[in-house]
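Peer 1: from the sequence below, what's the structure:
(2 chains)
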Protein chains: 2
Amino acid sequence: MPGKERRRGGGRYPAAAAMGLTTNLGPETVPDAFWGEHTSPVSRALLSSAVQCFARTGFHATTTRDITAVVGLSPGSLYVHFPSKEAVLFQIARTGHERALEALTSPPDDGDAGLRIRRLVAAHVSWHARHHTVARVCQYELAALEPDHFAEVLALRQRFSAVVHTAVERGVRDGVFDVPDVDRTVRAILSLGVDLVRWYRLDGADSPETLGESYAELAARMLGAASPAG
Amino acid sequence: MPGKERRRGGGRYPAAAAMGLTTNLGPETVPDAFWGEHTSPVSRALLSSAVQCFARTGFHATTTRDITAVVGLSPGSLYVHFPSKEAVLFQIARTGHERALEALTSPPDDGDAGLRIRRLVAAHVSWHARHHTVARVCQYELAALEPDHFAEVLALRQRFSAVVHTAVERGVRDGVFDVPDVDRTVRAILSLGVDLVRWYRLDGADSPETLGESYAELAARMLGAASPAG
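Peer 2: The predicted structure follows:
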């Protein structure tokens, strides 16, 4: 429901309730289109099952049987489609990071540094909220990747971070932002989008887009950029 | 080295390098005093070993053999000290949350809402940075707790969140803060302290205290609170 504002839920301290976390894994499945047209239907089903397993119990505690059982296949059949369990994680991590990077680079850049950073943060946050289960695997399970796979994913992460870093540097150069420390501030802005994979629920108070707009305003404030409305 | 400013490291995009993450687990051990005086030396050693194991491979993939091997004991000897592997996780989670709460509530409150929130954020961030390995277990492994243990830890988390929430509400009431949405902003402020467990290194560019001061300024900006210096 893009852009739809939902009623806020929660009790005395909704923020505290949100910090209850690690129970935010719902029945959401990854849309088939996420994996790309060159991935076979069985491979897609295995990848989506692996996302749920890795997110719930971690890469190391997940067996090939766990992954294939959901799809109704024997454990050994995983190897018809992937050379190893690690290869499944790698395809999830690479595709997840590629999709996040696509979402980040899709908003237009019309030259206004303040608007630019708001759009980037909104895209970053709303993508991670909508895809929080895949994103959880992309954020928390990378240490299990083999070194060359880790390096490839790290390169995608650096491109992602560089987009935000460049946008902040431009605002500083243009005199629109007032930032004591660019590196720390960029990292803090990225943390807002990353940490939500720990607690965000699609059936919670905020739609991905609402949270994205809200965090875009907080990021602009961190950068000392005045709100267009105020 | 409290308060010591270290030289910033990193390449073109230190923030991106920081996002390389999940390789931030160093050889740091938990100080014995962390576990409290009523915990025996063997129990302390087992708890500290379990922190490393849970942080590296997750609760579910950690065996009792993994935990006891580091201490030089047989796998079965764990049960002399703890009823179960889950009880080890519970003691880590409960103690970690109690220590974090002590750190949060130790700064004095002299009635200035702006100063209050800066001190709280600095305490929150620097504690999580200094104890990032224990904190990682406290943030990422709670889903493995049994329901009554989870509820007890959740109550500690709610007390933690309530301290920050109350401080923000007071600043809004006093007209010192300008906050469109208190819940979302409190959650974002807490995310800054939580997400660093994923990437922070004690041998990195910032000491816990430097990062705490930096994030305290960013939090004050999110709240629309002018810097005392500017």
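Peer 1: contacts only, for the most centrally placed residue in chain A.
Peer 2: What sits nearest the mean C-alpha location of chain A, by Cα atoms, centre = their mean, is residue A:128, with 3.2 Å. By Cβ atoms under 8 Å, 6 or more residues apart in numbering or on different chains, the contact set of residue A:128 is A:100, A:135, A:193-194, A:196-197, A:200. C-beta coordinates here come from the backbone N, C-alpha and C atoms, glycine included.
Peer 1: against residue B:131, how distant is it?
Peer 2: 26 Å (Cβ to Cβ, to the nearest Å).
Peer 1: swap in residue A:136?
Peer 2: Remark: distance between residue A:136 and residue B:131 (Cβ to Cβ) = 23 Å.
Peer 1: residue A:167 contacts residue A:113, correct?
Peer 2: Yes - with contacts counted by Cβ atoms under 8 Å, residue A:167 reaches residue A:113, the gap being 6.8 Å.
Peer 1: can you give me the strands in chain A?
Peer 2: Using DSSP state E, chain A contains no strands.
Peer 1: point out where it drops to low pLDDT.
Peer 2: Judged by pLDDT under 70, chain A has its weakly predicted residues at A:1-23, A:226-230.
Peer 1: hmm, try it at 90
Peer 2: In the predicted model of chain A, residues A:1-33, A:37-38, A:106-111, A:225-230 satisfy pLDDT under 90.
Peer 1: could you verify my assumption that residue A:124 touches residue A:190?
Peer 2: Yes - with contacts counted by Cβ under 8 Å, residue A:124 reaches residue A:190, the gap being 7.4 Å.
Peer 1: need the overlap of contacts for these two.
Peer 2: Looking at what touches both residue A:124 and residue A:190 (by Cβ under 8 Å, 6+ apart), the common residues are residue A:164.
Peer 1: is chain B contacted by the lengthiest helix in chain A?
Peer 2: Longest helix in chain A by number of residues (criterion: DSSP state H): helix A:147-173. Yes - contact between helix A:147-173 and chain B is present through A:154, A:157-158, A:160-162, A:164-165 (criterion: Cβ under 8 Å from any Cβ of the partner chain).
Peer 1: mind listing what's buried along that helix?
Peer 2: Residues of helix A:147-173 classed as buried: A:149-150, A:153-154, A:156-165, A:167-172 (neighbour count, 16 or more other Cβ atoms under 10 Å in any protein chain shown).
Peer 1: what of stretch A:52-64?
Peer 2: So stretch A:52-64, judged by 16+ other Cβ under 10 Å, has buried residues A:52-62, A:64.
Peer 1: which two among these are spaced furthest apart?
Peer 2: Within the buried residues of stretch A:52-64, A:55 and A:64 form the most distant pair, 16.7 Å apart (Cβ to Cβ).
Peer 1: and for residue A:146, the neighbour number?
Peer 2: Using other Cβ atoms under 10 Å in any protein chain shown, residue A:146 has 13 other residues around it.
Peer 1: list the contacts of the spatially closest residue to it that is not a sequence neighbour.
Peer 2: Using Cβ to Cβ, 6 or more residues apart in numbering or on different chains and skipping the chain neighbours, the partner closest in space to residue A:146 is residue A:86 (5.9 Å). Each residue near residue A:86 by Cβ under 8 Å, 6+ apart is listed here: A:144-146, A:149.
Peer 1: likewise residue A:70?
Peer 2: By Cβ under 8 Å, 6+ apart, residue A:70 lies in contact with A:45, A:49, A:52-53.
Peer 1: off-centre distance for stretch A:77-90?
Peer 2: 23 Å (Cα atoms, centre = their mean, to the nearest Å).
Peer 1: sort out which residues of it are buried, please.
Peer 2: For stretch A:77-90, a neighbour-count test (16+ other Cβ under 10 Å) marks A:78, A:81-82, A:85, A:87-90 as buried.
Peer 1: just those now: which is nearest residue B:37?
Peer 2: Taking the buried residues of stretch A:77-90 together and measuring to residue B:37 by Cβ to Cβ, the closest member is residue A:89, at 42.6 Å.
Peer 1: which non-adjacent residue is nearest residue A:91?
Peer 2: residue A:47 (6.2 Å).
Peer 1: which residues touch residue A:101?
Peer 2: Residue A:101 sits in contact with A:156, A:159-160, A:163, where contact means Cβ under 8 Å, 6+ apart.
Peer 1: tell me which two in these are the farthest apart.
Peer 2: Using Cβ to Cβ, the two most remote members of the contacts of residue A:101 are A:156 and A:163, lying 11.3 Å apart.
Peer 1: how many residues are close by residue A:71?
Peer 2: 17.
Peer 1: grab the nearest non-local neighbour of it.
Peer 2: residue A:45 (4.6 Å).
Peer 1: was I right about residue A:94 contacting residue A:154?
Peer 2: No - at 11.1 Å, residue A:94 does not count as touching residue A:154 under the criterion of Cβ under 8 Å.
Peer 1: against chain B, how distant is residue A:74?
Peer 2: Separation of residue A:74 from chain B (Cβ to the nearest Cβ, to the nearest Å): 23 Å.
Peer 1: now that residue: closest residue in space that isn't a chain neighbour?
Peer 2: Nearest in space to residue A:74, with sequence neighbours left out and distances taken as Cβ to Cβ, 6+ apart, is residue A:68 at 6.4 Å.
Peer 1: from chain B, how far out is the one you found?
Peer 2: In this view, residue A:68 and chain B are 18 Å apart by Cβ to the nearest Cβ.
Peer 1: just the helices in chain A please.
Peer 2: A:14-18, A:41-57, A:64-71, A:78-81, A:85-105, A:113-130, A:132-140, A:147-173, A:182-199, A:208-222.
Peer 1: list the helices and strands the fourth one packs on?
Peer 2: For helix A:78-81, the contact count by 3 or more Cβ pairs under 8 Å, 6 or more residues apart in numbering or on different chains; DSSP states H and E identifies helix A:41-57, helix A:64-71 as packing neighbours.
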